[in-house]
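1. only the shape, not the letters, is given here:
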């Protein structure tokens, strides 16, 4: 029996890049950020190290997000980022002849898929598979995707939110919207500027979202002091914001995700809609960690709602669980090729 090729899966998210290697587990989980020295066009930092430079980089540095709204905006930066990561992990040699699974958003075009495949092959892969993130998120979030019973999954990542109905191992219907964690950060930033007259950085906005973002009142609510630059005077200052203010900001964007969910349900076959009424909604992705979001969806949609297992890791955990499926597909392909030759 031929030796199994190494299985590697990647979740190239807008906010985070995650890499899983067979028998080693998740070997990389850091922000999708690359810092370049402009003059030499050379990478000086990737991931956490580059993230720390946001808003603090000097004029000689360029901070790049290779993925925006779930799709590759800079192919060269993505390739350089992955080369840098695999070199740092010292597993470049292991990638030769490997099988790679790439998770992608529902909105991705055939051209963008080809760009992903090209990057994977350049890293040494002998075979590349692409699966939708929402399907992998469902699997990683604890949903039995192979059941004939319909399941409604909402995967809220950094750049996009995917809403899908899954049954019998595949997606029946899915829709995507470019509203997710990054948009929530931007809305908080805009709110502080317009209502408090203070400029803050995107990292501060994200900290506010993570620490006090909620869609329902929670125990020990407290206001939070944040720091920035006064819009009028340009001088440093601080303001205090309350959880209630942030709730109202977040609800505007979350309402658009709920509207998308309603549109998906309107196009769902009646039998599967009946299953969803019983099975409810599963929320995955980093935005699923906002306090009270499951109750908010449940009350608004009048459907039981739960947060999937390890929502931040749902997609990469799903690819891990999908590993055997990939090996099964390879075995089938090999068998067909052998049969055709014999024929």
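-> Yep, it's here. Note that the coordinates shown come from a computational prediction; the quantities given were computed from them, not determined experimentally.

2. going by C-alpha atoms from here, please, whenever you check contacts or count neighbours.
-> Fine.

3. how close does the closest residue to residue 148 other than its chain neighbours get to residue 267?
-> Nearest non-adjacent residue to residue 148, counting by CA to CA, 6 or more residues apart in numbering: residue 168, 4.4 Å away. Residue 168 is 18 Å from residue 267, where distance means CA to CA, to the nearest Å.

4. same question, residue 76
-> For residue 76, the distance to residue 267 (CA to CA) stands at 39 Å.

5. quick one: the strands in the stretch 1-150 of the chain, in order.
-> For the stretch 1-150 of the chain, the strands defined by DSSP state E, counting those that start in this stretch occupy 7-12, 16-21, 25-31, 34-37, 42-46, 61-64, 67-68, 71-72, 98-104, 125-132.

6. for residue 143, find the nearest of those.
-> For the strands of the stretch 1-150 of the chain, the distance to residue 143 is smallest for strand 125-132, at 15.1 Å, taking CA to CA.

7. quick one: the lowest-mean-pLDDT helix or strand in the chain to chain centroid distance?
-> For the chain, scoring each helix and strand by mean pLDDT, DSSP states H and E identifies strand 71-72 as the least confident one, at a mean of 72. In this view, strand 71-72 has its centroid 12 Å away from the chain centroid, taken as CA atoms, centre = their mean, to the nearest Å.

8. and for stretch 244-255?
-> A distance of 21 Å separates the centroid of the chain from that of stretch 244-255, by CA atoms, centre = their mean.

9. for stretch 120-135, same thing?
-> Chain-centre distance of stretch 120-135: 16 Å, with CA atoms, centre = their mean.

10. give me the element residue 190 is part of.
-> Taking DSSP states H and E as the definition, residue 190 sits inside helix 181-196.

11. residues in contact with that helix: which ones?
-> Contacting residues not belonging to helix 181-196 are listed as 15, 156-159, 198-202, 205-206, 208-209, 231, 239, 246, 249-250, 253, 286-287 [CA atoms under 8 Å, 6 or more residues apart in numbering].

12. quick one: mean pLDDT over that helix.
-> Model confidence over helix 181-196 averages 96 on the pLDDT scale.

13. so the residue nearest to residue 148 sits right up against residue 145, yeah?
-> Yes - at 6.3 Å, residue 168 counts as touching residue 145 under the criterion of CA atoms under 8 Å.

14. those two: who's more crowded?
-> When residue 168 and residue 145 are compared on other CA atoms under 10 Å, the one with more neighbours turns out to be residue 145, at 21 against 14.

15. quick check: the more buried one vs residue 282, distance?
-> 12 Å.

16. okay, and the common contacts of the two?
-> By CA under 8 Å, 6+ apart, the residues touching both residue 145 and residue 282 are 138, 151.

17. relative to residue 68, how far out is residue 105?
-> Summarising the geometry, the distance separating residue 105 from residue 68, computed by CA to CA, is 11 Å.
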